[in-house]
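Undergrad: sequence plus the predicted model coming up.
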Amino acid sequence: MRDNTFDEGDFNAKFAKSTFSDGGGGCVEVASGDGRIAVRDSKDPSGPMLWFTTSEWRAFLAGVRAGEFDFGT
């Protein structure tokens with residue numbers, strides 16, 4: 001991390017798919033390291049990533065567990 005920006009080349013962490021993935025290619029992968037969480041499309045591992053702080057990621061997971069993203073589909 002340099003001057004509050006993330007350099008993806010400095011992020012050296014192993015990405016993992018969810019154990020709920022069915023292998024059909026419609027998955028996201030998550031990696032953590034250096035107090036950051038990265039999320040990427042498994043079909044495009046060299047493509048863009050979403051970046052979260054640890055506290056942002058924990059808040060997101062809490063929302064998922066609480067059903068905040070269940071939109072009735």
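TA: In hand now; what should we look at?
Undergrad: so where do the helices sit in this structure?
TA: Using DSSP state H, the helices of the chain run over 54-65.
Undergrad: quick test: name the residue nearest the centre of it.
TA: Residue closest to the mean C-alpha point of the chain, counted by Cα atoms, centre = their mean, is Val39 at 2.4 Å.
Undergrad: so what's it bridging to?
TA: In this structure, Val39 bridges to Val30, Leu50 when assessed by DSSP bridges.
Undergrad: what sits against it?
TA: With contacts defined as Cβ atoms under 8 Å, 6 or more residues apart in numbering, Val39 is in contact with Val28, Glu29, Val30, Met49, Leu50, Phe52. C-betas here are computed from N, CA, C, even on glycine.
Undergrad: top of these by neighbour count?
TA: Within the contacts of Val39, most neighbours by other Cβ atoms under 10 Å means Met49, with 21 neighbours.
Undergrad: isn't it right up against Ser42?
TA: No - proximity of Met49 to Ser42 does not meet the contact threshold set by Cβ atoms under 8 Å, at 11.8 Å.
Undergrad: for the protein, which segments count as strands?
TA: Using DSSP state E, the strands of the chain run over 16-17, 28-33, 36-41, 49-53.
Undergrad: any idea which of these gets closest to Asp70?
TA: strand 28-33 (17.8 Å; Cβ to Cβ).
Undergrad: farthest-apart pair in the contacts of Val39, please.
TA: Between any two of these (Cβ to Cβ), the greatest distance is 13.7 Å, for Glu29 and Phe52.
Undergrad: mind checking pLDDT for Thr54?
TA: pLDDT for Thr54: 93.
Undergrad: the residue lying closest to it once chain neighbours are set aside and Ala66, how far apart?
TA: Leaving aside its chain neighbours, Thr54 sits nearest to Gly35 (5.5 Å; criterion: Cβ to Cβ, 6 or more residues apart in numbering). Counting by Cβ to Cβ, to the nearest Å, the separation of Gly35 from Ala66 is 24 Å.
Undergrad: ok, Thr54 next?
TA: Taken as Cβ to Cβ, the span from Thr54 to Ala66 is 19 Å.
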